[in-house]
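Enquirer: Generate coordinates for the sequence data below:
(one chain, ligands or ions: 1)
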Amino acid sequence: MQQFTALLTGVGKALPQKVLTNADLEKMVETSDEWITKRVGIKERRIAAEGEWASTLGLKAAKEALAMAGIPPEQLDLIVVSTTTPDTVYPSVACLIQKDLGATKAGVLDISAACTGFIYASGIAWSMIRSGLMKHVLVVSSEILSSTVNWTDRDTCVLFGDGAGAVVYSSSTEEGRGILSMTLGGDGTECDILKLPNSGCRRFPEHQGSFIQMQGNDVFKLAVRTMSECATEVLTSAGLTTEDVTLLIPHQANIRIIEAIATRLKVPAEKVFVNIEKYGNTSSATIPIALCEAFEQGRIKKGDVVVFDAFGAGLTWGAMVLKV
Ligand code: ACO
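Expert: Model prediction:
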């Protein structure tokens with residue numbers, strides 16, 4: 001039987017123009033640039049303007065990714081969008097993007113896996129392509145976290161930002177390239193340490209409004225452990241070691257989480273992509289935005305080995321190895 005692999009053929013990103021700096025936050029809550037920089041590594045983040053939604057940012061990123069791939073939208077077989085902040089539950093963000101792209105033949109769905117959403121969406125793309133069912137899949141990760149942040153809560157409001165990233169995966173019979181391995185995991189028993197109450201039909205009278213609730217320390221420890229384990233697992237199943245890795249692109253939640261993972265994996269700092277200082281945590285969008293910037297900066301070329309590694313609410317986690 002013919003073996004198919006999912007090659008990365010395009011990447012794109014979209015970020016709102018509006019910048020919210022740590023100095024701006026100092027005027028809103030009792031915090032300091034020094035605390036945020038030292039504890040989290042963020043200097044500024046982007047905030048969506050009126051009329052900017054997961055669908056509009058996602059569309060911009062998708063157009064860039066398709067242009068790089070050189071694939072007309074009509075050739076897309078599937079659009080998968082990961083988001084925790086859809087414009088509406090239905091129509092899905094994927095449907096809205098499909099409409100504006102004119103991707104008339106594409107299947108469309110949104111998925112919910114919080115910050116791990118990009119890896120889960122890539123997993124769907126990989127399965128569809130590997131099985132021979134599909135040729136071109138667009139994955140979009142788009143998040144408007146500013147709409148879920150309590151701007152009077154210093155514990156969380158300094159951490160998050162808005163943005164979108166997109167990739168195109170295309171079917172190929174070339175051996176040894178494309179997505180080489182992946183792991184997906186989760187633990188619903190830890191669902192209470194990171195949650196967005198009142199975001200579905202269930203009401204939680206103990207929570208006013210619908211804002212991110214987080215037990216930061218617990219999240220921190222679990223993130224370091226699971227992301228280290230995931231990255232090791234996907235490298236082993238691809239028959240590789242950290243020596244083979246050109247670039248590790250971890251979810252950008254906290255610079256100290258990223259450094260702890262790099263230390264555990266013994267990956268030197270120059271092989272770890274970090275842009276958290278500019279955008280904060282944009283949930284599932286952090287990895288494709290970082291991937292796009294890595295290309296723009298010439299840090300990735302054909303044949304390089306890139307590891308994506310993520311952790312998020314749910315809890316969810318996952319990692320994958322991609323040979324570009
Ligand atoms: N400015 C100033 N001081 C602050 C701030 C702030 N913005 N936030 C908290 N503090 C204070 C606390 O009140 C506390 O003060 P105290 O010692 O007087 O009680 C002190 O700083 C230390 O607080 P901790 O919560 O212990 O700080 P910690 O070092 O754990 O950092 C943080 C908190 C940044 C949230 C960290 O735990 C973290 O990054 N956790 C992981 C977050 C994460 O990964 N989120 C991603 C998931 S999001 C998703 O999946 C959708």
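Enquirer: buried set for stretch 173-189?
Expert: For stretch 173-189, burial by neighbour count (16 or more other C-beta atoms under 10 Å) applies to 177-186. For the C-beta atoms, the positions are set from N, CA and C on the backbone; glycine is no exception.
Enquirer: ditto for stretch 262-270
Expert: Of all the residues in stretch 262-270, those buried under the rule 16+ other C-beta under 10 Å are 262, 265, 267.
Enquirer: List the ones among those residues that fall in helices.
Expert: 262, 265 (DSSP state H).
Enquirer: from the buried residues of stretch 262-270, which single one is nearest the ligand?
Expert: The ligand lies nearest to A262 out of these, by C-beta to the nearest ligand atom, at 15.4 Å.
Enquirer: Could you chop this structure up by domain?
Expert: 5-172, 178-323 (automatic domain parsing).
Enquirer: Pick the most deeply packed of the ones you listed.
Expert: Compared across these, domain 5-172 shows the largest average neighbour count, a mean of 21 (mean count of other C-beta atoms under 10 Å).
Enquirer: interface residues of the stretch 201-324 of the chain facing the ligand?
Expert: Residues of the stretch 201-324 of the chain lying close to the ligand (C-beta under 6 Å from any ligand atom) are 216-217, 219-220, 223, 253-254, 257, 281, 283, 312-313.
Enquirer: hmm, 8 Å instead?
Expert: For the stretch 201-324 of the chain, the residues in contact with the ligand (C-beta under 8 Å from any ligand atom) are 212, 214, 216-217, 219-220, 223, 251, 253-254, 256-257, 281, 283, 311-313.
Enquirer: contacting residues for P197?
Expert: P197 makes contact with 204, 207, 210-211, 213 under the criterion C-beta atoms under 8 Å, 6 or more residues apart in numbering.
Enquirer: Next, format these as JSON lines and append distance to K302, secondary structure and pLDDT.
Expert: Shown next, in JSON lines, are these (distance: C-beta to C-beta, whole Å; DSSP: H, G, I helix; E, B strand; the rest coil; pLDDT from 0 to 100):
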{"residue": "F204", "distance to K302": "49", "secondary structure": "coil", "pLDDT": "93"}
{"residue": "H207", "distance to K302": "49", "secondary structure": "coil", "pLDDT": "91"}
{"residue": "S210", "distance to K302": "44", "secondary structure": "coil", "pLDDT": "94"}
{"residue": "F211", "distance to K302": "44", "secondary structure": "coil", "pLDDT": "95"}
{"residue": "Q213", "distance to K302": "43", "secondary structure": "strand", "pLDDT": "94"}
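Enquirer: Which members of these define the maximum pairwise distance?
Expert: For the contacts of P197, the farthest-apart pair by C-beta to C-beta is F204 and F211; their separation is 11.0 Å.
Enquirer: picking up where we left off before, save the buried residues of stretch 262-270 as CSV, and put in pLDDT and distance to E277 too.
Expert: Formatted as CSV, those follow (pLDDT from 0 to 100; distance: C-beta to C-beta, whole Å):
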residue, pLDDT, distance to E277
A262, 97, 16
L265, 96, 21
V267, 97, 19
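Enquirer: I'd like the buried residues of stretch 262-270 laid out as TSV, including distance to I129.
Expert: Below are these laid out as TSV (distance: C-beta to C-beta, whole Å):
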residue	distance to I129
A262	30
L265	28
V267	28
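Enquirer: Just name the closest of the buried residues of stretch 262-270 to A164, please.
Expert: Nearest to A164 among the buried residues of stretch 262-270 is A262, at 25.9 Å by C-beta to C-beta.
Enquirer: pretty sure that closest one is in contact with I249, am I right?
Expert: No. Applying C-beta atoms under 8 Å as the test, A262 and I249 come out as separate, 11.6 Å apart.
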